[in-house]
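Participant: quick one, what's the 3D model for this:
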Amino acid sequence: MKNLFDLTGKIALVTGASRGIGEAISHQLAANGAHVVVSSRKKEDCQVVVDAIVKAGGTAEAFACNVGNLDDIKAVFSFLSEKFQRLDILVNNAATNPYFGSILDTDIAAFDKTVEVNIRGYFFMSVQAGKLMKKNGGGNIVNTASVHGLQPGVGQGIYSITKAAVINMTKAFAKECAQYGIRVNALLPGFTKTKFSGALFEHEKMYQSVMSKIPLNRHADPIEMAGTVLYLVSDASSYTTGESIVVDGGGTV
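Facilitator: Numbers count the residues shown, from 1 in each chain. Presented below is the predicted three-dimensional model:
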């Protein structure tokens, strides 16, 4: 029987991959045969992940890319086009959340930065990936959104708004790109222990408040997000597109 999760020969690009969920996704894709381009703002941080993947028997390489910078997006896709002439998998995982506090106190700098990375970055990464995938008969895009795209997080107004946009963006790309053999889906993580969410883990009262709303009564580890992404980029999900899969321990139930 065919291994539906086999990614042998596939070229994958994972953004925000130097740590947390992106790092776990990179390891999981490589473990199933993909050659992973590990990307984030700092190449040296990506190289640490690449070295670990290679040590484990996989193949990967590092490429610095700030998805909030359109020139960086152009550069990474020029690299992919020249070296591989294709891209099979894009995981839009890089994100930012520079402001935590009352939505009424959101300043323009925090607003612009969050929109620049979380919406504009995902959009133009998907545009460039879609064009390259279209030339080669298809591919898979997965966007890391958040449960806050469904239920806004307190003190995380603009971040939650951008993640809601990512959910609808996923549907828009899925609808228009299906004709080219491109599937587009979203992962909606719940409370996951990463540096990105570190402040919540350091605040005991806030941490317990979140825990009280999760039926599984624990936070997630990044590796628990990676399996869903593997499913979404593999043949196991060949009839799935435009979907947003919530992985939150039951928190939104």
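
Participant: ranges for the helices of the stretch 101-250 of the chain?
Facilitator: Ranges of helices in the stretch 101-250 of the chain, per DSSP state H, counting those that start in this stretch, are 108-115, 122-135, 157-177, 198-202, 204-211, 223-233.

Participant: mean pLDDT lowest for which of the ones you listed?
Facilitator: When the helices of the stretch 101-250 of the chain are compared on mean pLDDT, helix 198-202 scores lowest, with a mean of 60.

Participant: stretch 183-196: which residues count as buried?
Facilitator: If you call a residue buried by 16 or more other CB atoms under 10 Å, then stretch 183-196 has these buried ones: 183-194, 196. The way it works is simple: take the backbone N, C-alpha and C, and place the C-beta from them, glycine included.

Participant: turn the residues you listed into CSV, columns for distance to Gly20.
Facilitator: Formatted as CSV, the buried residues of stretch 183-196 follow (distance: CB to CB, whole Å):
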residue, distance to Gly20
Arg183, 24
Val184, 22
Asn185, 20
Ala186, 17
Leu187, 13
Leu188, 15
Pro189, 10
Gly190, 14
Phe191, 13
Thr192, 8
Lys193, 9
Thr194, 4
Phe196, 6
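
Participant: okay, now the unreliable bits of the chain?
Facilitator: Scanning the chain for pLDDT under 70 picks out the ranges 195-204.

Participant: distance of Asn32 relative to Val14?
Facilitator: Separation of Asn32 from Val14 (CB to CB, to the nearest Å): 13 Å.

Participant: again, but for Ala34
Facilitator: For Ala34, the distance to Val14 (CB to CB) stands at 9 Å.

Participant: those two - which one has more neighbours?
Facilitator: For Ala34 versus Val14, neighbours defined as other CB atoms under 10 Å are more numerous around Val14 (34 against 27).

Participant: residue contacts, that one?
Facilitator: Neighbour list for Val14: 22, 25-26, 29, 36-39, 91, 93 [criterion: CB atoms under 8 Å, 6 or more residues apart in numbering].

Participant: mark which of the residues you listed are buried, thanks.
Facilitator: Using 16+ other CB under 10 Å as the burial test, the contacts of Val14 include 22, 25-26, 29, 36-39, 91, 93 as buried.
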